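Chemist: need coordinates for the following:
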Amino acid sequence: MSHLVLVGGLTGSGKSTVGKYLTRRVKYAYLDKDTLTRELVDALVAEAGSDFGPGDRDSVIYVERARPAEYQCFMNTVMENVSLGIPTIATAPFISEMNNSLWIKKIAEQVDDYDFKLTMVWLDCDLAITKRRLMQRNAVRDQIKMAIWEEYEAFAQGIEVPKPPVLIYDNRPEQSIHNICEKIINDVEHF
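Modeler: Just a heads-up that it's a prediction; the model follows:
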């Protein structure tokens, strides 16, 4: 049986870092939503009239118009790997998806059709640590969140941590990436 691992979490929670570490460790294909869609989504929201500039992932234009198409295209790519029998690790926030039992059921049924196992991982992280990580990486995509940090913090505090079958891991600095990833590997039967 092959494996699809979806890694989600809020901005700065370490999704890409954990996804890349796991990929090197278990030799799966790696797909990152931002890498696959960033430039296209930036162009789309700019063309649609977003005032937030590059990296807008917070405006109504993004949330209502770009995000649904972005996630559909991303998951189409992920599922194409699955249909080809390629074990895959895919990283994206998956904020609403991992809290949506119907979405989870749909993805589980799709991967089951290809004799794949689905594992969903949520990386939880303290918001003070998240803010420090965003300041350190100083990426254009984080500038909006940093400019409206109090609003983003209130939004993030309102996000419900997913429930099982999603596996939750605390990704604070005192937890090394190695230890977190080894725990994920140990917790998942078919790596």
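Chemist: show me where the chain has helices.
Modeler: 15-26, 33-47, 60, 67-83, 101-113, 127-137, 143-147, 149-157, 177-187 (DSSP state H).
Chemist: contacts for stretch 29-39?
Modeler: With Cβ atoms under 8 Å, 6 or more residues apart in numbering as the test, stretch 29-39 has contacts from 16, 19-20, 23, 70-71, 73-74, 77-78, 81, 86-93, 141. C-betas here are computed from N, CA, C, even on glycine.
Chemist: just to revisit the earlier point, point out the most buried one among the helices of the chain.
Modeler: helix 15-26 (a mean of 19; mean count of other Cβ atoms under 10 Å).
Chemist: so which elements touch that helix?
Modeler: Judged by 3 or more Cβ pairs under 8 Å, 6 or more residues apart in numbering; DSSP states H and E, helix 15-26 is in contact with strand 2-9, strand 29-32, strand 88-91, strand 116-124, helix 177-187.
Chemist: what angle do that helix and helix 127-137 make?
Modeler: 80 degrees (axes from the mean of the first three to the mean of the last three Cα atoms, to 10 degrees).
Chemist: i'd like the first residue to be 43 from this point on
Modeler: Will do, 43 is the new start, and the previous item becomes helix 57-68.
Chemist: ok, residues contacting helix 57-68?
Modeler: By Cβ under 8 Å, 6+ apart, helix 57-68 touches 47, 49-51, 70-72, 74, 76, 129, 131-135, 163, 165, 211, 213, 219-220, 222-223, 226-227, 233.
Chemist: tell me what angle it forms with helix 75-89.
Modeler: Comparing the axes of helix 57-68 and helix 75-89 via the same axes, to 10 degrees yields an angle of 150 degrees.
Chemist: next, the angle from helix 57-68 to helix 219-229.
Modeler: 60 degrees.
Chemist: rounded mean pLDDT for helix 57-68, please.
Modeler: In this model, helix 57-68 carries a mean pLDDT of 96.
Chemist: what of stretch 168-186?
Modeler: Mean pLDDT, stretch 168-186: 89.
Chemist: before we move on, back to that, between the helices and strands packed on helix 57-68, which gets nearest to Val102?
Modeler: Nearest of those to Val102, taken as Cβ to Cβ: strand 44-51 at 22.4 Å.
Chemist: how far does the closest one sit from the chain's center?
Modeler: 9 Å (Cα atoms, centre = their mean, to the nearest Å).
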